[in-house]
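1. quick one, what's the 3D model for this:
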Amino acid sequence: MRLPALLLTTALLAACGGGDPGSRTPPALPELATLTVKPEPATRERVWDGVVEAVNQATLSAQTGGRVIELPYDVDDFVPAGAVVVRFTDVEQQAARRQAEAGLRAAEAALREAEADYTRIAEIYERRLVAKAQLDQATARRDSARAALEAARAGARSAGEQVDYTVIRSPYSGIVTARHVQVGETVRPGQPLISGLSLGALRIQVDVPQSDVDVIRERLRAAVLLDGEGGRVEAREVVVFPYADPATHTFKVRVELPEAETGLHPGMIVKVAFDVGEAERLLLPVSALVRRSEVAAAYVHTGEALVLRQLRLGHRYGDRVEVLAGLAAGERVATDPVAARAALVAARGAAGND
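-> Sure, this is the predicted structure:
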C-alpha cells in the first residue's frame with residue numbers, strides 16, 4: 001500500500017521541479033544555505049519492544065482484624081502519600097490498649113514498692129540487723145518488678161500498634177489499581193485490602209535474544225525511543241539478569257528510567273534501543289525536511305538543479321534524524337526548505353518569461 005506515498009512524491013516533484021529536466025536547461029537558482037551530508041561516527045543499536053512498569057507497586061494487607069468502615073478512594077483515584085485508604089473498627093483494639101496501659105501502671109507501682117522495700121532492707125542489712133537471705137529476697141523482688149515493667153511496656157506498645165493497624169495509609173503517592181474489600185466486610189490479618197502503584201519511578205522490562213545479551217551486558221547502555229517529536233530518553237541504568245527463560249530462551253533486561261518527566265506510563269509498550277557497537281550514519285537536521293502526510297523529503301542540489309527527493313528516515317537524535325535511504329555521502333541539501341521552494345518557483349517564473 002505504498003502507492004499513495006509514491007503518487008504524492010511524484011506530485012511534489014512535478015510541482016516543485018517543473019517538467020522533464022532533460023527537455024530544457026534548468027533555470028539559474030539563487031544562492032541557498034546548504035549542508036553537505038557526510039557519515040558521522042555513531043552508536044550501532046538494536047531495537048526491541050519493552051513494557052513500562054512502576055518501580056513502586058504494592059498490595060496493602062490487614063495487620064489486625066476488624067470491620068471495614070471507610071474506603072475513601074476508588075479504583076483509578078490518585079492518592080497522596082500518607083493519606084488514609086482503609087479504616088477498620090477499633091473497639092477491641094482500644095480496649096486491649098487500655099488494659100495494657102492499666103497493666104503498665106500496675107507494674108510501675110509494683111516496681112516502686114519493690115525498690116523502696118529493697119532500699120529499707122539494704123540499710124538494715126548494713127547494720128547487721130537482718131539476715132543476708134532477706135536482702136537476697138528483696139533484690140529478687142526488685143529485679144522481678146523491673147522485668148515485669150519491661151514486659152508491661154512491651155505489651156502497651158504492641159496494643160498501641162494494633163490500634164494503629166486499624167488505619168491503613170498510603171506509603172507513597174500513586175494510583176489505586178484494585179480494591180479487594182468493600183465497606184462493611186470483616187477482615188482478618190493478612191487479607192489483601194487495596195493495590196496501587198506510583199507514577200514517579202518507572203522502569204522497562206525487555207526480553208532480549210541470547211545471541212545479543214553478551215554485548216548488551218558488556219556495554220550496558222540503552223535509550224527509549226519516544227513517539228512523535230519526543231526523541232529519546234537515555235536509560236539511567238541497564239541491568240541484565242543472569243538467567244534465560246527456558247521456554248523462549250530470552251534474557252530479561254531491566255532498563256531504569258530517570259526521575260524526570262518522560263511521558264511514559266505503566267503498561268505502555270515502547271521501543272528500547274540497546275548499544276551493540278560502533279557504526280556510521282547520515283544525519284540531517286529535522287528543519288531541513290519537507291513532510292507531506294507520511295512522506296519525508298528534502299531539497300537536494302544535483303549540479304545546477306534543485307530537486308525534491310523522498311527519504312527513508314530512521315531514529316531521531318535530538319534535532320537531527322537518521323537518513324536510511326535517499327541521500328548519499330557528499331550530496332548537498334538545502335537547510336531551509338521554504339526558501340528552496342520559493343527559489344524554484346521564482347526560477348520557473350523567470351524561465352517562463354524568457
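2. care to break this protein down by domain?
-> 3-40+280-353, 47-56+199-279, 58-84+169-197, 90-165 (automatic domain parsing).
3. got those as a markdown table, with mean pLDDT columns?
-> Written out in a markdown table, the entries for the domains of the chain read as follows (pLDDT from 0 to 100):
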| stretch | mean pLDDT |
| --- | --- |
| domain 3-40+280-353 | 70 |
| domain 47-56+199-279 | 88 |
| domain 58-84+169-197 | 94 |
| domain 90-165 | 92 |
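4. give the next helix or strand downstream of the lengthiest helix in the chain.
-> Across the chain, the helix with the greatest residue count (assigned by DSSP state H) is helix 91-126. Along the chain past helix 91-126, the next helix or strand (assigned with DSSP states H and E) turns out to be helix 132-164.
5. could you list every helix and strand that that next one packs against?
-> For helix 132-164, the helices and strands in contact under the criterion 3 or more Cβ pairs under 8 Å, 6 or more residues apart in numbering; DSSP states H and E are helix 91-126. All C-beta atoms are positioned from the backbone trio N, CA, C, and that covers glycine.
6. counting by contacts, list what the helix it packs on packs against.
-> For helix 91-126, the elements it packs on are helix 132-164, judged by 3+ Cβ pairs under 8 Å, 6+ apart.
7. in the helix it packs on, what counts as buried?
-> Judged by neighbour count using 16 or more other Cβ atoms under 10 Å, the buried positions of helix 132-164 are 135, 138, 141-142, 145, 148-149, 152, 155-156, 159, 162-163.
8. and if you look at stretch 308-317?
-> Buried residues in stretch 308-317, counting neighbours by 16+ other Cβ under 10 Å, are found at 308-311, 315-317.
9. in a markdown table: those, plus secondary structure and distance to Tyr125.
-> Listed next are these as a markdown table, based on DSSP: H, G, I helix; E, B strand; the rest coil; distance: Cβ to Cβ, whole Å:
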| residue | secondary structure | distance to Tyr125 |
| --- | --- | --- |
| Leu308 | strand | 112 |
| Arg309 | strand | 110 |
| Gln310 | strand | 108 |
| Leu311 | strand | 104 |
| His315 | strand | 90 |
| Arg316 | strand | 91 |
| Tyr317 | strand | 89 |
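10. quick check: bridge partners of the residue most central in space within the chain?
-> Compute the mean C-alpha point of the chain, and by Cα atoms, centre = their mean the closest residue is Leu202, 1.2 Å away. Beta-bridge partners for Leu202, by DSSP bridges, are Ala54.
11. alpha carbons only: can I get stretch 265-280 in PDB?
-> The C-alpha coordinates for stretch 265-280 follow below in PDB (Å, rounded to 0.1, in the frame of the first residue of the first chain):
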ATOM      1  CA  HIS A 265       3.100   5.400  31.900                       C
ATOM      2  CA  PRO A 266       3.000   1.900  33.400                       C
ATOM      3  CA  GLY A 267       1.700  -0.800  31.000                       C
ATOM      4  CA  MET A 268       2.800   1.000  27.800                       C
ATOM      5  CA  ILE A 269       4.800  -0.800  25.100                       C
ATOM      6  CA  VAL A 270       7.800   1.100  24.000                       C
ATOM      7  CA  LYS A 271      10.800   0.600  21.800                       C
ATOM      8  CA  VAL A 272      14.200   0.400  23.500                       C
ATOM      9  CA  ALA A 273      17.500   0.800  21.500                       C
ATOM     10  CA  PHE A 274      20.500  -1.000  23.000                       C
ATOM     11  CA  ASP A 275      24.100  -0.100  22.300                       C
ATOM     12  CA  VAL A 276      25.700  -3.000  20.500                       C
ATOM     13  CA  GLY A 277      28.700  -1.400  18.800                       C
ATOM     14  CA  GLU A 278      30.000   1.400  16.600                       C
ATOM     15  CA  ALA A 279      28.700   2.500  13.200                       C
ATOM     16  CA  GLU A 280      28.500   5.400  10.800                       C
END
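12. distance check, the nearest residue to Met268 once chain neighbours are set aside against Thr166.
-> Using Cβ to Cβ, 6 or more residues apart in numbering and skipping residues adjacent in sequence, the residue nearest Met268 is Val52, 4.5 Å away. Using Cβ to Cβ, to the nearest Å, we find Val52 at a distance of 36 Å from Thr166.
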